[in-house]
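[1] give me a 3D structure for the following:
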Amino acid sequence: MDLQKLLNGVEAPAEKTNEKTALPQGDYTVVIEKVEPKTNATTGNKGVSLQMKVRGAKYNNYTLFDYMGLTGSEKQLSYSLPKLKKLGLLTGSENTDSWNGKMVKISVSVDKQDATRNIIWGYGEPVVDGNEPITATNKPAFDSVDIPF
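    Numbering: from 1, shown residues only. Here you go, the predicted structure:
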């Protein structure tokens, strides 16, 4: 019997560190919290930075970030520009200022070079009422493009 433990009481569990862990690979509903223009300090390339929070029972409020370049190599742009275009379609606006507060589905994986980071591979399905993505069964009965002018 360890007398020191008896004198000090029950040993408290070790404190958790602030070590960041990545979300498991999968699809998540997120709300876009912040959209900012960013310039890469190393390359000088310009882009858009998104800060998002996961919504749902599991991993609720987990923060994710994505950077999508507007300038850079052809390879970099082949990843960034389709994601930006998709977000514009999902949010109904090419004006990134209006993206704040919008909920969308994202697909993430764990970065193979840094297991504490996630990579956002794609954006899909705007979310209705914070719970379900828009599908054929719960999408609005008509869309503004259906209205003849």
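[2] after the strand ranked longest in the chain comes which helix or strand?
    If you go by DSSP state E, the chain has its longest strand at strand 26-39. Using DSSP states H and E, the helix or strand that follows strand 26-39 in sequence is strand 46-55.
[3] in that following strand, what's buried?
    Buried residues in strand 46-55, counted by 16 or more other Cβ atoms under 10 Å: 47-48, 50, 52-55. For the C-beta atoms, the positions are set from N, CA and C on the backbone; glycine is no exception.
[4] reformat these as a markdown table; add pLDDT and distance to Leu87.
    Shown next, in a markdown table, are these (pLDDT from 0 to 100; distance: Cβ to Cβ, whole Å):
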| residue | pLDDT | distance to Leu87 |
| --- | --- | --- |
| Gly47 | 94 | 13 |
| Val48 | 94 | 9 |
| Leu50 | 96 | 8 |
| Met52 | 96 | 11 |
| Lys53 | 96 | 16 |
| Val54 | 96 | 17 |
| Arg55 | 94 | 17 |
